[in-house]
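In: heads up, no residue letters with this:
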């Protein structure tokens with residue numbers, strides 16, 4: 001029986017980086033091998049259709065960030081900024 005569970009975080013919110021220490025323990029090789037299949041199995045359309053970017057998935061890209069999800073999920077901060085003003 002396969003008891004593997006995979007958790008990930010795709011977020012536009014800067015505070016999401018608070019999880020980087022627990023997520024950082026995941027093998028980059030594991031992410032490279034499984035991220036695309038896991039995302040395509042998602043029921044959330046912007047996750048399913050997202051593109052994996054940076055050097056972990058495309059060796060021609062040479063950025064400090066090695067793994068990035070480009071979800072094309074637009075976030076309108078107008079109401080939030082008005083509420084905080």
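Out: Arrived safely. Treat the numbers as computed from the prediction; the structure is a model and nothing was measured.
In: Can you get me a residue count around residue 57?
Out: If you count neighbours by other C-beta atoms under 10 Å, residue 57 ends up with 17. C-beta coordinates here come from the backbone N, C-alpha and C atoms, glycine included.
In: separation between it and residue 74?
Out: Using C-beta to C-beta, to the nearest Å, residue 57 is found at 23 Å from residue 74.
In: Which SSE is immediately downstream of the strand or helix carrying residue 69?
Out: Assessed by DSSP states H and E, residue 69 sits inside strand 68-70. Counting by DSSP H and E, the element after strand 68-70 in chain order, helix or strand, is helix 78-84.
In: Any idea which residue is closest to the centre of the chain?
Out: Per C-alpha atoms, centre = their mean, the C-alpha nearest to the average position across the chain is that of residue 10, at 3.7 Å.
In: Enumerate every residue touching that residue.
Out: 47, 50, 69, 71 (C-beta atoms under 8 Å, 6 or more residues apart in numbering).
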